[in-house]
Every structure is written in C-alpha cells, then in structure tokens.
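*Asks:* Sequence isn't available, so here's the structure alone:
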Ligand code: CO8
C-alpha cells in the first residue's frame with residue numbers, strides 16, 4: 001500500500017503501490033513519499049525514477065474519497081503539504097524521472113511535473129481534471145504545467161480538464177519520450193544512465209540554474225548562471241573535463 005523505495009546500484013526507484021485505487025495519493029502515502037525523498041536525498045543515488053505499480057496507472061491523483069468533508073483549514077494545509085513534498089522532488093540535487101506507466105491525473109501529473117524528466121508508455125493518459133470535480137489543481141499543477149508547456153496549452157488542459165494520450169503529451173512538450181511498455185523500466189534506467197559519468201555537483205548547478213529561469217528576471221537569472229558556472233569551473237571536475245578533452249580521452253569525474 002505505501003510507496004516502496006529500492007536502490008539498484010546508484011539509482012533510486014520509488015514505486016507508488018496502491019494499484020487497487022490506481023495509486024491515488026492518500027495523505028499517508030504523501031507522508032511516506034516525503035520520508036522516502038529525504039532518504040533518497042541522503043543516499044548516494046545519482047538519479048531517481050518514480051513510477052506506479054501495475055500496468056494501469058502511474059497515479060490517478062489525490063484520493064478523492066479522502067478529500068471529501070475536510071475543513072477549509074485542512075484543505076489549505078493538505079495542499080501546502082503536497083506542494084512541499086513535490087518541491088522536494090523538484091529540488092533534489094540529482095535528476096529525477098517520472099516513468100508514467102498508465103493514468104497520470106491531477107496530483108499524479110503534478111508529481112510527474114515536479115520531476116526533471118518524464119517518459120511514458122503508449123497506454124498513458126494524462127490531464128488535470130480537477131475542474132470537473134469543482135476544484136483546481138492544488139499540488140503545483142497550475143504553476144508547473146504553465147512553465148513546462150506555456151500558458152496557451154496549460155489553459156487548454158486545466159480549464160477543460162481534458163485527457164490527452166502519450167503521443168499528444170509528447171507533442172505538447174510534457175514528455176521527453178514515449179517508450180516501449182514491455183521494457184519501460186529498462187528504458188527509464190538507460191535514460192538515467194546518460195548522467196552517470198557526469199560530475200554530480202555540476203549536474204546540480206545546471207539543474208538549479210534552469211529551475212530559476214522562470215522565477216527571476218533575465219538579468220537576475222544571468223547572474224545566477226554566471227555564479228553557478230563559476231562554481232562549476234572552480235571544481236576539480238572542470239579541470240579534469242577540459243584536460244581530458246585536450247588529451248583526447250574520456251574524463252573521470254570525482255564529484256569534487
Ligand atoms: N481517488 C480515489 N480513488 C480513485 C481515484 C482517485 N483519484 N482514481 C481512481 N480511484 C479508484 C476508483 O474509485 C476505483 O475504486 P473502486 O473499485 O473501489 O470503486 C478504482 O480506483 C479503479 O478506478 P475506476 O474503476 O474508476 O477505473 P477506470 O479504469 O474505469 O477509470 C480513471 C480510470 C479514468 C483514472 C478514473 O478512475 C478517474 O477518473 N479517476 C479520478 C481521476 C481524477 O479526477 N484525478 C484528480 C483527483 S483531484 C487531485 O488530484 C487534486 C490534487 C490537489 C488537491 C489538493 C488538496 C489537498
């Protein structure tokens with residue numbers, strides 16, 4: 001029932017594990033996700049994959065049955081807590097990948113949008129259908145979807161609550177790719193292996209600079225880039241990378 005965390009070499013995999021409710025996010029599941037993300041952050045993992053148990057759903061969103069009958073204060077703190085958990089995912093120092101293996105609705109798509117990358121199987125269907133429930137997204141969807149795909153399409157998806165399939169999601173720019181269902185985890189793992197040989201702190205600098213792009217003015221963003229690029233330059237790994245280029249060999253980064 002609770003999400004599971006496994007480590008495969010230097011890769012962390014979190015699997016939402018409530019297939020009977022299409023991996024819907026109850027508050028106890030969100031709590032556990034919070035704890036698991038902290039464990040991943042402290043670990044030596046170089047990338048995180050988040051996926052769902054079963055072949056039907058990544059995550060069908062917040063648990064609608066649990067949302068009923070809550071006080072206004074509970075609703076506010078619930079939304080803020082979900083946002084905090086997803087912020088933690090977004091701000092991990094390592095790249096994260098949502099492997100969308102079926103339905104990703106509401107909070108499920110919001111979780112995927114907090115990941116650095118998204119891959120989906122051809123059967124995936126996704127959307128932010130909250131409007132149909134008389135709600136709006138509360139775990140970051142209005143902000144992240146607009147940042148990921150632009151206001152025109154974010155308005156279309158959020159104000160109509162429509163469902164799109166994997167191919168449309170790829171076209172919209174929600175996904176980095178559509179992958180074969182029969183070897184989805186293998187493909188997600190090889191996607192993450194692209195970062196394996198790179199310097200971890202440098203990956204973190206790049207990820208942090210990109211994340212700030214929508215929060216600050218161009219001038220401030222350029223300053224952040226300049227500071228982080230200088231920090232990267234000051235690491236031994238930058239020396240090694242440039243030296244390896246000159247010596248026509250593969251670099252051997254030490255994460256320092
Ligand atoms: N919550 C609770 N249970 C769910 C959910 C959900 N989001 N989604 C599916 N389930 C349950 C169903 O109730 C059903 O259980 P049971 O067999 O006991 O009735 C089981 O999962 C299987 O579901 P279906 O029979 O409906 O399966 P189908 O294949 O027919 O349909 C769908 C699949 C299309 C995904 C359909 O289940 C569906 O529309 N689900 C709801 C999707 C949705 O609206 N998600 C958005 C939820 S709201 C949200 O995420 C807001 C987040 C921010 C809130 C902040 C507040 C704190």
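*Replies:* It's in. It should be emphasised that the depicted structure is a prediction, and the values quoted were computed from it without experimental measurement. Numbering: from 1, shown residues only.
*Asks:* In contact with the closest residue to residue 38 other than its chain neighbours, which residues?
*Replies:* Ranked by Cβ to Cβ, 6 or more residues apart in numbering and with sequence neighbours excluded, the top spatial neighbour of residue 38 is residue 88, at 7.5 Å. In this view, the C-beta of every residue, glycine as well, is placed from N, C-alpha and C. Shown in contact with residue 88 (Cβ atoms under 8 Å, 6 or more residues apart in numbering): 34, 37, 38, 41.
*Asks:* Do I have it right that the first one meets residue 87?
*Replies:* Right, residue 34. No: using Cβ atoms under 8 Å, residue 34 makes no contact with residue 87, being 10.6 Å away.
*Asks:* Just want to know which of these two has more residues nearby.
*Replies:* residue 34 (16 against 13; other Cβ atoms under 10 Å).
*Asks:* Give me the nearest residue to the residue of the stretch 151-256 of the chain at minimum distance from the ligand, chain neighbours excluded.
*Replies:* Nearest residue of the stretch 151-256 of the chain to the ligand: residue 163, at 7.6 Å (Cβ to the nearest ligand atom). In space, residue 163 comes closest to residue 127 once its chain neighbours are excluded; the distance is 4.4 Å by Cβ to Cβ, 6+ apart.
*Asks:* How about the residues of the stretch 101-250 of the chain by the ligand?
*Replies:* For the stretch 101-250 of the chain, the residues in contact with the ligand (Cβ under 6 Å from any ligand atom) are 103, 105, 106, 107, 129, 130, 133, 135, 137, 138, 139.
*Asks:* Helices of this protein, residue ranges please.
*Replies:* Assigned by DSSP state H, the chain shows helices spanning 27-42, 64-67, 72-90, 107-114, 141-149, 151-160, 166-172, 184-193, 200-211, 218-233, 236-246.
*Asks:* So what would you say the end-to-end distance of stretch 62-72 is?
*Replies:* 16 Å (Cα to Cα, to the nearest Å).
*Asks:* And for that stretch, what's in contact with it?
*Replies:* Residues outside stretch 62-72 that contact it (Cβ under 8 Å, 6+ apart): 21, 24-27, 29, 75, 78, 82, 106-107, 133, 138-139.
*Asks:* could I get the helices of the chain as TSV with mean pLDDT?
*Replies:* Listed next are the helices of the chain as TSV, based on pLDDT from 0 to 100:
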stretch	mean pLDDT
helix 27-42	98
helix 64-67	95
helix 72-90	97
helix 107-114	98
helix 141-149	98
helix 151-160	98
helix 166-172	98
helix 184-193	96
helix 200-211	97
helix 218-233	98
helix 236-246	98
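*Asks:* hey, which of the ones you listed is tucked in deepest?
*Replies:* Ranked by average neighbour count under the criterion mean count of other Cβ atoms under 10 Å, the helices of the chain are headed by helix 107-114 at a mean of 28.
*Asks:* elements contacting it?
*Replies:* strand 47-52, strand 57-59, helix 72-90, strand 96-100, strand 125-127, helix 141-149 (3 or more Cβ pairs under 8 Å, 6 or more residues apart in numbering; DSSP states H and E).
*Asks:* just so I know, which of these lies nearest residue 199?
*Replies:* For the helices and strands packed on helix 107-114, proximity to residue 199 was assessed by Cβ to Cβ; strand 47-52 is nearest, at 13.8 Å.
*Asks:* can you list the residues that contact that closest one?
*Replies:* Residues contacting strand 47-52 (Cβ under 8 Å, 6+ apart): 10-16, 19, 22-23, 40, 58-59, 89, 92, 94-102, 108, 111-112, 115, 184-185, 188-189, 192, 195-196.
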